[in-house]
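A.B. asks: what follows is a protein structure lacking sequence information:
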Ligand SMILES: Nc1ncnc2c1ncn2[C@@H]1O[C@H](COP(=O)(O)OP(=O)(O)OP(=O)(O)O)[C@@H](O)[C@H]1O
């Protein structure tokens, strides 16, 4: 039997901070998909992701991660996903290996299992040569990559990343993009927000556009083009968000 449980299902998700930030979002992301959420500043993207990852309680609506209801079973749902916030927090007095061991410990991963995983991630993200330096001396990009490694240490199926490429140089951006594409190629799922339209255009199978807390359009780039006057993703985006 084919398991068509979506990686993520949102039903009428709402959050208001005095005024609505997320105003009834329904979303379904398939397993094995790379889905990009776009939207102008303040559209509600980060608020949506924070509710998906259990950091913020919705006013109403439902979040289901790989068929698990987040509100009913938060620990099981969180085990399935990783969240990379746009301003990840690290512990400056730890070295990358210590940080990854620490995060692995929080997930209850045995050290003999955590150690090779950490080494693989540090190699992959080209951080191995800094493995024994304190992270307080790291550049923004190095911190971002280490935070990503920390988010991946428990080998989650669903990766949720808020602006993962902001502040990365070309080489680091390439490493992170390769990692995301490889995750999807292995059957995992990635949901990311980005203001870099070219990233969405090149990586995402589907793109969702959020405006004023609502999902106003969704589809492949070709489908979004059909709904508008066409042109580049930038043209399509600006038309859909009425910024053109
Ligand atoms: N903790 C909070 N308290 C009050 N208002 C908030 C809070 N978090 C978000 N908001 C408001 O909710 C709205 C949506 O914000 P959000 O950060 O989700 O937007 P975004 O789409 O991620 O924007 P950006 O692209 O600028 O990161 C904004 O009007 C913001 O000011």
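C.D. replies: Structure's in. What do you need? These figures come from a predicted structure and were not determined experimentally.
A.B. asks: and the protein, which residues reach the ligand?
C.D. replies: Contact residues, the chain versus the ligand (CB under 6 Å from any ligand atom): 17, 21, 39, 41, 42, 43, 44, 45, 46, 47. Heads up, the C-betas are built off the backbone N, CA and C, glycines and all.
A.B. asks: against residue 179, how distant is the fourth one?
C.D. replies: This points to residue 41. 27 Å (CB to CB, to the nearest Å).
A.B. asks: what do you get for residue 164?
C.D. replies: Counting by CB to CB, the gap from residue 164 to residue 179 is 10 Å.
A.B. asks: re earlier: residue 41 and residue 179: which is more packed in?
C.D. replies: The residue with more neighbours, out of residue 41 and residue 179, is residue 179; 19 against 6, by other CB atoms under 10 Å.
A.B. asks: with adjacent residues omitted, what lies nearest to the more buried one?
C.D. replies: Of all residues not flanking residue 179 in the chain, residue 124 sits nearest, at 6.4 Å (CB to CB, 6 or more residues apart in numbering).
A.B. asks: which residues do residue 164 and residue 179 both contact?
C.D. replies: residue 148 (CB atoms under 8 Å, 6 or more residues apart in numbering).
A.B. asks: longest single helix anywhere in this protein?
C.D. replies: In the chain, taking DSSP state H as the definition, the longest helix is helix 170-185.
A.B. asks: buried by neighbour count: which residues of it qualify?
C.D. replies: Buried residues in helix 170-185, counted by 16 or more other CB atoms under 10 Å: 172, 173, 175, 176, 177, 179, 180, 183, 184.
A.B. asks: rebuild these as a markdown table, extending it with pLDDT.
C.D. replies: Conversion of those to a markdown table gives the following (pLDDT from 0 to 100):
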| residue | pLDDT |
| --- | --- |
| 172 | 88 |
| 173 | 91 |
| 175 | 89 |
| 176 | 91 |
| 177 | 93 |
| 179 | 91 |
| 180 | 93 |
| 183 | 92 |
| 184 | 95 |
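A.B. asks: nearest to residue 70 among those residues?
C.D. replies: residue 183 (21.0 Å; CB to CB).
A.B. asks: hmm, that closest one is touching residue 159, no?
C.D. replies: Yes. In this structure, residue 183 is within contact of residue 159 by CB atoms under 8 Å, at 6.1 Å.
A.B. asks: identify the contacts common to these two.
C.D. replies: 189, 190.
A.B. asks: where does pLDDT dip in the protein?
C.D. replies: Where the chain drops to pLDDT under 70, the residues are 1-2, 243-244.
A.B. asks: what ranges do the helices span in it?
C.D. replies: Going by DSSP H, the chain shows helices at 45-52, 74-79, 96-106, 111-124, 140-152, 170-185, 197-203, 221-227, 233-240.
A.B. asks: so which of those is nearest residue 215?
C.D. replies: That would be helix 45-52 among the helices of the chain, by CB to CB, at 9.0 Å.
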